[in-house]
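Undergrad: the amino acid sequence is not available; the structure is as follows:
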């Protein structure tokens, strides 16, 4: 008997599902590259420091300029993605990123390397918000969106996880420039999958260039103040002048944004309790995690005398959970609740960092790795659900701005986490003149304590501010899937 009627649903859905998979993977690859370049450099920093003969605070500029540029331009890139097209911005970002990566590999001096990192970051800032906005725009159902963002977060986690190990192996084997050649090749190879992404834009998106300039100046002044505080003295005249400049630029930012018809800091999002709570928790968690990655890599190499490859391998337990839990954390949040999961994950991170802060310098490495694993478990459970909760607060036409704001908050956390702990480490090294290795160890352990307190604050904030959520039935508008708690 001949079958008539509509084609089989599974047959029709298969190509669509296959294309969706490629598109999600393309978005993950973009986020992976942007994050990889932060952690990839971590285990290569000692080699770069030896090559250019600079101190810890100065070599941290290789990380800080990248994250600061990402944070400063992220909001602008989100607005550009909404206005000009998210796929177009993603493809442009890959090109700029590849050029910046090649410039880093060829840099003859630290100044050139820092400038090339700025170019690289300018490309990277076009990748993350564009890919996250594409996912948010493609998946309107909250459950499916949470799973897609969870997979995207797995890409972020993979970048965090593989960076120290791959960076250490490449630095030991081929020299530190090879890490940048790797990212240049990956960026070029990503263009093909990126061409399959759907184009989307918002007709209501507007640019706020004065606000963008005020954000960049404020963040640059704040980061500069934190980086140099340990060396100059926190109460020195120059540092006090820097505090005054930060306060002045902060006041200018507030005034500019109040008068802007289309502010870069979206007033709608800032009025959302869940968004502000989620974004603040993201800031604190990423500050703790990036400081851990950068300075644990330095500590393992300089105080524990591990090669860069071995240091990256030792840190792997802190990163693997982020990969394994990326796509599953969303499902856990659906049944356990985003708020409770956020509180639990931040408490795990705080306990792990607190235990590491109290551990002796000669502690067996296996016990250190156990602490790293608990830290990574908390981070892996946190990233996907809380990111999805923050971005899900925005309507579809503000998807790029919401994704860019969350990404900017994450990058500001990365920058300030590295800057604060870097200042602590530099101050301890300067105080222990006869034994800089002991000073480094003392500074890193104090940094664990400070960032652990930040994770504990994130847990308290999530418990107090985030509202319980239930799974929303497919097809309902976003606001109908919420309930106050």
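TA: Thanks, I have the structure now. All figures in this text were calculated on a predicted structure; none of them were measured in a lab.
Undergrad: quick one: the closest residue to residue 367 other than its chain neighbours from residue 222, how far?
TA: Among residues not flanking residue 367 along the chain, residue 359 sits closest, at 7.1 Å (C-beta to C-beta, 6 or more residues apart in numbering). (Each C-beta comes from the backbone N, C-alpha and C, glycine too.) Plainly put, residue 359 is 31 Å away from residue 222 if you go by C-beta to C-beta, to the nearest Å.
Undergrad: who has more neighbours out of these two?
TA: Comparing residue 359 with residue 222 by other C-beta atoms under 10 Å, the one with more neighbours is residue 222, at 21 against 15.
Undergrad: wouldn't residue 281 be in contact with residue 458 here?
TA: Yes: shown here, residue 281 and residue 458 form a contact pair, counting by C-beta atoms under 8 Å, at 4.3 Å.
Undergrad: joint contacts of the two?
TA: Shared contacts of residue 281 and residue 458, defined by C-beta atoms under 8 Å, 6 or more residues apart in numbering, are found at 342, 346.
Undergrad: please report the distance of the residue nearest to residue 367 from residue 452.
TA: Relative to residue 452, residue 359 is positioned 12 Å away (C-beta to C-beta).
Undergrad: got it, and residue 262?
TA: Distance, residue 262 to residue 452, using C-beta to C-beta: 39 Å.
Undergrad: quick one, which of these two is more surrounded?
TA: Using other C-beta under 10 Å, the more surrounded residue of residue 262 and residue 452 is residue 452, with 23 against 14.
Undergrad: could you say which helix or strand holds the more buried one?
TA: Element membership of residue 452 [criterion: DSSP states H and E] is helix 436-465.
Undergrad: show the contacting residues for the residue lying closest to residue 116 once chain neighbours are set aside.
TA: In space, and not counting its chain neighbours, residue 116 is closest to residue 103: 3.4 Å by C-beta to C-beta, 6+ apart. Residues in contact with residue 103 (C-beta under 8 Å, 6+ apart) are 112, 115, 116, 119, 120.
Undergrad: the fourth one: neighbour count?
TA: Applying other C-beta under 10 Å, we find 18 other residues in the vicinity of residue 119.
Undergrad: show me where the stretch 1-150 of the chain has helices.
TA: Secondary structure of the stretch 1-150 of the chain, counting by DSSP state H, counting those that start in this stretch: helices at 9-39, 45-52, 56-59, 61-84, 86-105, 110-138, 142-174.
Undergrad: distance to residue 341 and mean pLDDT added to the ones you listed, as TSV?
TA: Shown next, in TSV, are those (distance: least, C-beta to C-beta, whole Å; pLDDT from 0 to 100):
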stretch	distance to residue 341	mean pLDDT
helix 9-39	21	64
helix 45-52	33	85
helix 56-59	36	72
helix 61-84	25	77
helix 86-105	28	90
helix 110-138	20	82
helix 142-174	11	75
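Undergrad: any chance of the ones you listed in JSON lines, with distance to residue 385 too?
TA: Below are these laid out as JSON lines (distance: least, C-beta to C-beta, whole Å):
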{"stretch": "helix 9-39", "distance to residue 385": "16"}
{"stretch": "helix 45-52", "distance to residue 385": "32"}
{"stretch": "helix 56-59", "distance to residue 385": "35"}
{"stretch": "helix 61-84", "distance to residue 385": "21"}
{"stretch": "helix 86-105", "distance to residue 385": "23"}
{"stretch": "helix 110-138", "distance to residue 385": "14"}
{"stretch": "helix 142-174", "distance to residue 385": "7"}
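Undergrad: wait, residue 431 touches residue 443, no?
TA: No: using C-beta under 8 Å, residue 431 is not in contact with residue 443, being 9.1 Å away.
Undergrad: about what we covered before: how far does the helix holding residue 452 sit from its chain's centre?
TA: Between the centre of helix 436-465 and the centre of its chain there are 17 Å (C-alpha atoms, centre = their mean, to the nearest Å).
Undergrad: can you check stretch 379-387 too?
TA: Distance of stretch 379-387 from the chain centroid (C-alpha atoms, centre = their mean) equals 12 Å.
Undergrad: and stretch 113-133, by the same measure?
TA: In this view, stretch 113-133 has its centroid 12 Å away from the chain centroid, taken as C-alpha atoms, centre = their mean.
Undergrad: go on, stretch 148-159?
TA: That offset, for stretch 148-159, works out to 11 Å (C-alpha atoms, centre = their mean).
Undergrad: go on, stretch 331-343?
TA: Averaged C-alpha coordinates place stretch 331-343 at 21 Å from its chain's average position (C-alpha atoms, centre = their mean).
Undergrad: all set, thanks.
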